[in-house]
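Peer 1: 3D, please:
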Amino acid sequence: MPQLQPVVLKDAANPQVEHSFKPREISGGVTTLVESTGIPLADRRITMSLTRNSNGRIKPVIKFTFPVVDDAVVNGVSRPTVLRTNYAEVNFNFDSSSTARERDDLATMVKEILSGTSNPMAGGFIVNLEGIY
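Peer 2: Purely as a prediction, here's the structure:
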């Protein structure tokens, strides 16, 4: 069983910026990692959960919640306000008889297709919001 630990992820900026997500909690089977901004409503979060259904299927789920915050000035008072929030959710669904190799192959292929630089079709679809024809 993996131990909860910080995760550092690089963004798409040029040069790339490293974002450090630190463990926040494990509650109700959901692990939360946070990139703290000092303002809780602006914190970026990654959650991970693992469920098993009655048919023996195993579902690892990773969710990203990235708010975009700016200061709003009302009556001369500045306070952070969420302008919008961007989400991503990656769901896997494995048969209980799947092998570690099968799961690793699928995870690796998901990672590859999500990399806009190595896959222009998926990059255009996800990053540029272009339809596929």
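
Peer 1: Please make it C-alpha for all contacts and neighbour counts, starting now.
Peer 2: Fine.

Peer 1: which residues of this protein score low on pLDDT?
Peer 2: 116-118 (pLDDT under 70).

Peer 1: mind running it again at 90?
Peer 2: Along the chain, segments meeting pLDDT under 90 span 1-4, 10-14, 54-56, 72, 74-75, 109-133.

Peer 1: top helix in it by residue count?
Peer 2: As assigned by DSSP state H, the longest helix anywhere in the chain is helix 100-114.

Peer 1: Give me the contact list for that one.
Peer 2: 94, 118-119, 122-123 (Cα atoms under 8 Å, 6 or more residues apart in numbering).

Peer 1: please redo it, this time with the cut-off set to 6 Å
Peer 2: residue 119 (Cα atoms under 6 Å, 6 or more residues apart in numbering).

Peer 1: buried ones in the next helix or strand after it?
Peer 2: Heading C-terminal from helix 100-114, the first helix or strand you meet, by DSSP states H and E, is helix 120-126. Neighbour counts over helix 120-126 (16 or more other Cα atoms under 10 Å) mark 121-123 as buried.
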